[in-house]
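**Q** here is my input; please provide its structure:
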Amino acid sequence: MKLTSALAVAVVSAASMNLPAQSTGDPAEAQAPQTSTISVRSNLVLVPAMVRTKSGAVVYTLTANDFILTDDGVEQPLRMEADAGGEPLALVVLVESGSDGALHLNELHALLPTLEALIGAVKHKVAVVSFDSVPQLEQGFTSKNDDAWNALDRLDAGDKGAAILDALTYSIDMLRKMPPSYRRAIVLISETIDHGSHVNIDDALRAIDDTNTTVYSLAFSSTKADIHKEASKLSSSEPGPEHGCFAHDPNSTESRATQNYDCIAELLPPLRLAKMAAIAATNGLRRNTAETVAKLTGGEYFHEKDVRSMEKSLLTISNHLPNRYVLSFRPRSPQPGFHALQLRLKNYDNLVVESRNGYWVEDDGSPETVKH
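**A** Below you'll find the model as predicted:
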């Protein structure tokens, strides 16, 4: 039984998906040690979290005792990992060059200073991937920021596709090969709705946190035609219910994805909780891929209007990225399938906490192992 610690994008390598990739980076820098495998009993599930006041100010002073974490409704003992702000960073800048993304390529140059600030002064590797109907490696992992920024400047408009899930899968597979000491993050610049991915949406729930990757989404709206036409194409063997808690509330000011997550806490017993959490995630991926992926990984979602709003969002990420709490727990005899995580604060009604929403245990017939 393999704990893939996951949610939101399929565990499919570039080779198995037959996706073309051409590196313009240093081949030596693009390579990294393979992912290690260790016993479930000795492994930790990491839960990055951001705590803010209702006015948006980040709170840094809490301890593990201030949090309550449940795994499929069962409370888990928590510990706080050491400050991760100074750890090395592996970052993929993932840019949609196809479909409506082509309209925003000329704005990327203005974002370079804020991307530089986001990386900061820590040891790092940065890569650039573009995508239309398929992902394309524009710059392999490098410590030379100028090489990455030059790759962004060279991007050309692609075809009419916006295969967000395929591109995320490809990028996560790259990050999986980075040393485990690196924090892993993706900055996704895309429209909201996937159209053109080949990955099955059920498989998509298995992989996004396989490498403890956090996704920060800067998204511009897909056209209404794309929303209605493409969301239905993301196939799933478990369609969400048409009515009940997960049905659309026309009077709500929250997004559909947020409404789905709010439903999760109401669903018991634990097995039903996990099942409905997986359905909520599936529905969210159909309706707003960029937002749902960010929420599932404990990242952040920003709806963008222009280059100025994107600059502001990147500055926000640069402040939050090194200042997140990293909580952890040891899974107790994890059952195969999706596990719903819920993190909340004990005695701070005036604070808001955001964190990853689950992980995946895959039963592949092998001895109990866990990817770390």
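
**Q** when you work out contacts or count neighbours from here on, use the C-alpha atoms and nothing else.
**A** Noted.

**Q** in this structure, which spans are helices?
**A** Assigned by DSSP state H, the helices in the chain fall at 14-17, 27-30, 112-119, 145-153, 164-176, 201-204, 224-230, 256-264, 270-287, 289-296, 307-320.

**Q** worst average pLDDT in these?
**A** The minimum mean pLDDT among the helices of the chain belongs to helix 14-17 (a mean of 34).

**Q** so Tyr216 versus Ala121, what's the distance?
**A** 20 Å (CA to CA, to the nearest Å).

**Q** what do you get for Leu168?
**A** Taken as CA to CA, the span from Leu168 to Ala121 is 26 Å.

**Q** the two: which has the busier surroundings?
**A** Leu168 (26 against 10; other CA atoms under 10 Å).

**Q** now the more buried one: how far from Ser222?
**A** As judged by CA to CA, Leu168 and Ser222 stand 18 Å apart.

**Q** what's the answer for Ser97, then?
**A** From Ser97 to Ser222 the distance is 14 Å (CA to CA).

**Q** ok, these two, which is more surrounded?
**A** Ser97 (28 against 19).

**Q** what's near enough to touch the more buried one?
**A** Ser97 is in contact with Leu105, Ser130, Phe131, Asp132, Leu155, Asp156, Ala157, Gly158, Asp159, counting by CA atoms under 8 Å, 6 or more residues apart in numbering.

**Q** leaving out the residues flanking it, which one is nearest to Ser328?
**A** Nearest-residue entry for Ser328: Leu46, 4.5 Å, with adjacent residues in sequence omitted and distances by CA to CA, 6 or more residues apart in numbering.

**Q** you'd agree that neighbour is up against Arg330?
**A** No: if you go by CA atoms under 8 Å, Leu46 and Arg330 don't touch, sitting 9.0 Å apart.

**Q** so for those two, which residue has more residues nearby?
**A** Taking other CA under 10 Å, Leu46 and Arg330 do not tie; Leu46 has more neighbours (20 against 17).

**Q** ok, that one - contacts?
**A** Leu46 touches Asn212, Val326, Leu327, Ser328, Phe329, counting by CA under 8 Å, 6+ apart.

**Q** of those, which is the most crowded?
**A** Highest neighbour count within the contacts of Leu46, by other CA under 10 Å: Asn212, with 29 neighbours.

**Q** so how far is Pro179 from it?
**A** 12 Å.

**Q** neighbours around the closest residue to Leu345 other than its chain neighbours, how many?
**A** Excluding its sequence neighbours, the residue lying closest to Leu345 (CA to CA, 6+ apart) is Phe67, at 4.6 Å. By the criterion of other CA under 10 Å, Phe67 has 19 neighbours.

**Q** correct me if wrong: Pro322 contacts Leu89.
**A** No: contact between Pro322 and Leu89 fails when scored by CA under 8 Å: they sit 9.7 Å apart.

**Q** these two: which has the busier surroundings?
**A** It is Leu89, of Pro322 and Leu89, that has more neighbours when counted by other CA under 10 Å, with 23 against 19.

**Q** can you name the residues that contact the more buried one?
**A** Contacts for Leu89 were tallied using CA under 8 Å, 6+ apart; they are Ile119, Val122, Lys123, His124, Lys125, Tyr182, Arg183, Arg184, Ala185.

**Q** type out the ChimeraX command that picks the buried ones from those.
**A** Remark: buried members of those, expressed as a ChimeraX selection using 16 or more other CA atoms under 10 Å:
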select :119,124,125,182,183,184,185
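
**Q** turn the contacts of Leu89 into a markdown table, including distance to Thr53.
**A** Formatted as a markdown table, the contacts of Leu89 follow (distance: CA to CA, whole Å):
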| residue | distance to Thr53 |
| --- | --- |
| Ile119 | 25 |
| Val122 | 27 |
| Lys123 | 30 |
| His124 | 30 |
| Lys125 | 32 |
| Tyr182 | 29 |
| Arg183 | 25 |
| Arg184 | 26 |
| Ala185 | 24 |
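
**Q** looking at the contacts of Leu89, spot the one nearest Tyr301.
**A** Of all those, Ala185 has the smallest distance to Tyr301: 13.4 Å, by CA to CA.

**Q** contacts for stretch 128-135?
**A** So stretch 128-135 is contacted by 19-21, 92-99, 136-141, 148, 151-152, 155, 158-164, 166-167, 170-171, 196-197 (CA under 8 Å, 6+ apart).

**Q** swap in 6 Å and give it another go.
**A** Stretch 128-135 has contacts (CA atoms under 6 Å, 6 or more residues apart in numbering) with 92-98, 136-139, 158-159, 161-163, 167, 196.

**Q** with stretch 69-87 instead?
**A** 64, 270, 274, 322, 326-329, 339-343.

**Q** quick one on the thing from earlier: which one of the contacts of Leu89 is nearest Gly298?
**A** Among those, and counting by CA to CA, the member closest to Gly298 is Ala185, at 10.8 Å.

**Q** got the contact list for the closest one?
**A** Contacts of Ala185 by CA under 6 Å, 6+ apart are Leu91, Thr213, Thr214, Val215.

**Q** report the buried residues of stretch 68-79.
**A** In stretch 68-79, counting by 16+ other CA under 10 Å, buried: Leu69, Thr70, Asp71, Asp72, Gly73, Gln76, Leu78, Arg79.

**Q** TSV for these, including pLDDT?
**A** As requested, these are exported to TSV (pLDDT from 0 to 100):
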residue	pLDDT
Leu69	94
Thr70	91
Asp71	90
Asp72	86
Gly73	87
Gln76	92
Leu78	93
Arg79	91
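
**Q** of these, which belong to strands?
**A** Among the buried residues of stretch 68-79, the residues falling in strands (DSSP state E) are Leu69, Thr70, Asp71, Gln76, Arg79.

**Q** show me the contacts for Ile186.
**A** Counting by CA under 6 Å, 6+ apart, Ile186 has contacts Leu91, Val92, Val93, Val215.
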